[in-house]
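Engineer: what follows is a predicted structure for the sequence shown.
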Amino acid sequence: MTVASASQRPSGPFREGDRVQLTGPKGRLHTVTLREDGELHTHHGVLRHRDLIGLPDGSVVANSSGHEYLALRPLLRDFAMSMPRGAAIVYPKDAAQIVMQADVFPGATVVEAGVGSGALSLSLLRAIGPAGTLISFERREEFAEVARNNVETFFGETPDSWRVVVGDLVEALPHETEPASVDRVVLDMLAPWECIDVVAEALTPGGVVLCYIATATQLSRVAEYIRGTGLFTEPDASETMVRGWHVEGLAVRPDHRMVAHTGFLLTARRLAPGAVAPSVKRRASKSSYSDEDVELWTPGAVGDREITDKNLRKRAREAGKAAEGARQAAASRESGHATE
């Protein structure tokens, strides 16, 4: 399977095995995988899956109590926000900026670390296309398994252009790639400065490293480290905030809530071997870090919630069940094509 065929949003009538997002009374969302004998049970009644099979995308169907549900195939952003999570995800607003700011292009060789629950992997796989390569590094096998299942659920099977490496990026990257062979590197981790040296060796001249980081102190440290290597252009930092708007007739106003800070994006480009970037004048500032400073960047201190082993096993089972459903649906469709 190629990413090109998998990443195209399916069209046509709903089929058994399709994932469908149902919007019910009061706007509540339910995401189901269609089965001939499947049913969605809520306190509003029962909706039979077979009532949806054969209908076009965007249909409205009533349940046993007459309550109507809008049925649509979920977009990538919908899937990312509702899929089982082993670790916190990269939100769609940041994933879009990462693809643009890192200039992830069709055919690119991209490295990401860590893979988390696979949300960013989905966006990167779509961006690189069938000719690209995505190598995702993850320290924990449990997280890697959740990510594999989520990606397989979305695409229907595991893309040929993707491989997951369980291990530490610093140790594993030199064994997985040749020097100066990687076009883009995306680091989503607590201490990205620990990986910059090995990333510099892997990146091709002009290649981009992008760090996704949570706090200002982390942002400062990784920026100073990148500057200190002398191997990159001047780091560029930003954050993205999204504010929705309520639009109803002449009642036009910002939403009361908005998706504000989720993380900083910092990018820099690899210089050619031996090149020295023109000096940039800046004010003198404190650029050294003590053990106390480093302690401020632990997961608990920056607000990351540690998932319990029990919860992680539950999420892994959910993701595995969804992936198995996608595999069965793909096999069913293939056998159907074979008999036509």
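Structural biologist: That came through, no problem. Since this is a predicted model, take the numbers as computed values, not measurements. Numbering: from 1, shown residues only.

Engineer: all strands of the stretch 51-200 of the chain, in order?
Structural biologist: With DSSP state E, counting those that start in this stretch, the ranges of strands along the stretch 51-200 of the chain come out as 59-62, 68-72, 109-113, 133-138, 162-166, 182-187.

Engineer: and the ones you listed: which comes nearest residue 148?
Structural biologist: If you check each of these against residue 148 by Cβ to Cβ, strand 162-166 wins as the nearest, at 6.1 Å. Heads up, the C-betas are built off the backbone N, CA and C, glycines and all.

Engineer: mind listing what's buried along the closest one?
Structural biologist: Of the residues in strand 162-166, those buried by neighbour count under the rule 16 or more other Cβ atoms under 10 Å are 162, 164-166.

Engineer: out of the strands of the stretch 51-200 of the chain, flag the one nearest residue 327.
Structural biologist: Taking these one by one with Cβ to Cβ, strand 162-166 is closest: 16.0 Å.

Engineer: quick one: residue 109 from residue 126, how far?
Structural biologist: Here the criterion is Cβ to Cβ, to the nearest Å. By it, residue 109 lies 16 Å from residue 126.

Engineer: for the stretch 1-150 of the chain, give me the ranges with low pLDDT.
Structural biologist: Per-residue confidence of the stretch 1-150 of the chain (counting by pLDDT under 70) places the weak regions at 1-10.

Engineer: what's stretch 35-51 in contact with?
Structural biologist: Residues outside stretch 35-51 that contact it (Cβ atoms under 8 Å, 6 or more residues apart in numbering): 16-17, 22, 24-25, 30, 32, 34, 53, 61, 63-67, 69, 325.

Engineer: same check, this time on stretch 126-138
Structural biologist: Outside of stretch 126-138, the residues within contact range by Cβ under 8 Å, 6+ apart are 2-5, 7, 76, 99, 104-116, 121, 124-125, 144, 147, 160-169, 172-173, 176-177.

Engineer: what subset of the contacts of stretch 35-51 is buried?
Structural biologist: In terms of neighbour count (16+ other Cβ under 10 Å), the buried residues within those are 16-17, 22, 24, 32, 34, 53, 63, 69, 325.

Engineer: for residue 104, what are its contacts?
Structural biologist: When the contact criterion is Cβ under 8 Å, 6+ apart, the partners of residue 104 are 98, 110, 124, 127-128, 184.

Engineer: likewise residue 20?
Structural biologist: For residue 20, the contacting residues are 14, 31-34, 52, 71-74, by Cβ under 8 Å, 6+ apart.

Engineer: okay, now the closest residue to it other than its chain neighbours: neighbour count?
Structural biologist: Counting by Cβ to Cβ, 6 or more residues apart in numbering, residue 20 lies nearest to residue 71, which is 5.3 Å off, once chain neighbours are set aside. Residue 71 sits with 22 neighbouring residues when counted by other Cβ atoms under 10 Å.

Engineer: report the contact partners of residue 81.
Structural biologist: Counting by Cβ under 8 Å, 6+ apart, residue 81 has contacts 89, 91-92.

Engineer: output these in TSV; the columns should cover neighbour count and distance to residue 210.
Structural biologist: Rendered in TSV, the data for the contacts of residue 81 read as follows (neighbours: other Cβ atoms under 10 Å; distance: Cβ to Cβ, whole Å):
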residue	neighbour count	distance to residue 210
89	21	17
91	19	15
92	21	16
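
Engineer: now, those residues that are in helices?
Structural biologist: The subset of those located in helices under the criterion DSSP state H comprises residue 92.

Engineer: which one of the contacts of residue 81 is nearest residue 249?
Structural biologist: For the contacts of residue 81, with residue 249 as the reference and Cβ to Cβ as the criterion, the closest is residue 92, at 28.5 Å.

Engineer: what residues are up against the closest one?
Structural biologist: For residue 92, the contact set (Cβ under 8 Å, 6+ apart) comprises 76-77, 80-81, 119.

Engineer: how about a cut-off of 6 Å?
Structural biologist: Each residue near residue 92 by Cβ atoms under 6 Å, 6 or more residues apart in numbering is listed here: 77, 80.

Engineer: how close does it get to residue 104?
Structural biologist: Residue 92 sits at a distance of 15 Å from residue 104 (criterion: Cβ to Cβ).

Engineer: buried members of the contacts of residue 20 into ChimeraX, please.
Structural biologist: For the buried members of the contacts of residue 20, the matching ChimeraX selection, counting by 16+ other Cβ under 10 Å, is:
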select :14,31,32,33,34,52,71,73,74
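
Engineer: now the contacts of residue 20 in CSV, with distance to residue 208?
Structural biologist: What follows is the contacts of residue 20, written out as CSV (distance: Cβ to Cβ, whole Å):
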residue, distance to residue 208
14, 40
31, 34
32, 39
33, 37
34, 40
52, 43
71, 40
72, 35
73, 32
74, 30
